[in-house]
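# A predicted structure for the sequence below; I have some questions about it.
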Amino acid sequence: METLRVVSFTVPGWFPSYGTQVPEGAQLTEQESAVFLWLATGASNAELADQLQLSVSTVKFHVGNIRSKLGGISRLQACLLAALAREGASGPSLSDGGAADGR
């Protein structure tokens, strides 16, 4: 069974919601957490697959799950939230700090 991580969000007021509501917390698997944090680089699915040693279809699957779990947000919104998480800004953060952040 894959480990779940709790991703807690405090979304800045300026974050564009476009009618979507980002939930306060989301359960992401270990691999989803890694993909989520790597989204901050703006890499394509193929580049993410290469970096994380996954298939492109697996990356697409995880990105779709991430977007869904975070309230149906766009890929760009997920990238913005991931960038905030990686920088430790007043945005989202991994509550246990244990996921690979790719630094």
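Okay, I see it. Residues are numbered from 1 along each chain as shown.

# hey, what's the spatially closest residue to K69 that is not a sequence neighbour bridged with?
Excluding the flanking residues, the one nearest K69 by C-beta to C-beta, 6 or more residues apart in numbering is A26, at 4.5 Å. Where you see a C-beta, it was placed from the backbone N, CA and C, and this is true even at glycine. A26 forms beta bridges with V7, as assigned by DSSP bridges.

# Just give the number of residues close to A26.
21 (other C-beta atoms under 10 Å).

# my guess is it contacts G72, does it?
No: taking C-beta atoms under 8 Å as the definition, A26 is not a contact partner of G72, at 11.7 Å.

# quick one: the residue nearest to K69 and E47, what's the gap?
24 Å (C-beta to C-beta, to the nearest Å).

# same thing with L37?
On the measure of C-beta to C-beta, L37 and E47 end up 14 Å apart.

# ok, the two, which is more surrounded?
Each of L37 and E47 has its neighbours counted (other C-beta under 10 Å); L37 has more, 21 against 14.

# tell me which element that one falls in.
Following DSSP states H and E, one finds L37 within helix 30-38.

# Same question for that helix: list its buried residues.
With burial defined by 16 or more other C-beta atoms under 10 Å, the residues of helix 30-38 counted as buried are 31-38.

# Any stretches of the protein with poor pLDDT?
Within the chain, the stretches with pLDDT under 70 are 1-25, 89-103.

# which residues in it form helices?
Along the chain, counting by DSSP state H, helices occupy 30-38, 45-52, 56-69, 75-87.
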